[in-house]
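Chemist: sequence unavailable; structure follows:
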């Protein structure tokens with residue numbers, strides 16, 4: 001997968017956080033560590049399709065590559081911002097900013113609403129628990145409920161693609 005200059009594969013490897021250069025040695029990131037789990041990708045894809053629809057392995061693998069690259073792309077932009085501001089932690093606001101900066105405005109605003117709702121829920125939980133710790137089960141289902149609630153309250157986000 002190289003263009004006439006032979007640099008395409010190296011540029012792609014850099015963008016994905018891997019290294020194909022001669023001096024890389026074994027220090028590169030393993031493919032399984034840079035890609036989202038294919039079972040999770042397949043589950044998300046299946047949620048958007050009719051119950052009897054099938055998804056080929058090739059389609060899942062293609063989507064796995066695409067979403068992993070998208071996440072890396074947005075995170076790198078957010079990380080650059082943090083680096084320029086001399087911060088070490090990328091937070092949700094940085095991700096929302098990066099989405100907008102990169103032209104993904106259709107995603108940035110729903111993500112901001114989700115982040116706001118997430119922070120409200122987390123604040124309620126820590127207040128009711130009497131502690132200031134993160135809930136370990138927010139990402140296992142409650143996040144989808146938050147998106148579902150947001151979709152019902154906002155007709156412009158109810159369209160499925």
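Modeler: Received the coordinates, thanks. These figures come from a predicted structure and were not determined experimentally. Numbers count the residues shown, from 1 in each chain.
Chemist: could you pull out the helices for the protein?
Modeler: Along the chain, the stretches classed as helices by DSSP state H are 8-15, 31-34, 38-47, 57-84, 92-101, 105-129, 142-153.
Chemist: which elements pack onto the fourth one?
Modeler: Contacts defined by 3 or more CB pairs under 8 Å, 6 or more residues apart in numbering; DSSP states H and E place helix 57-84 against helix 8-15, helix 38-47, helix 92-101. (Each C-beta comes from the backbone N, C-alpha and C, glycine too.)
Chemist: what's the closest of those helices to residue 73?
Modeler: helix 8-15 (7.2 Å; CB to CB).
Chemist: so which of the helices of the chain is the most surrounded?
Modeler: helix 92-101 (a mean of 18; mean count of other CB atoms under 10 Å).
Chemist: that one packs against which elements?
Modeler: Counting by 3+ CB pairs under 8 Å, 6+ apart, helix 92-101 packs on helix 57-84, helix 105-129.
Chemist: what angle do helix 92-101 and the shortest one make with each other?
Modeler: Read that as helix 105-129. 170 degrees (axes from the mean of the first three to the mean of the last three CA atoms, to 10 degrees).
Chemist: what packs against helix 105-129?
Modeler: By 3+ CB pairs under 8 Å, 6+ apart, helix 105-129 packs against helix 92-101, helix 142-153.
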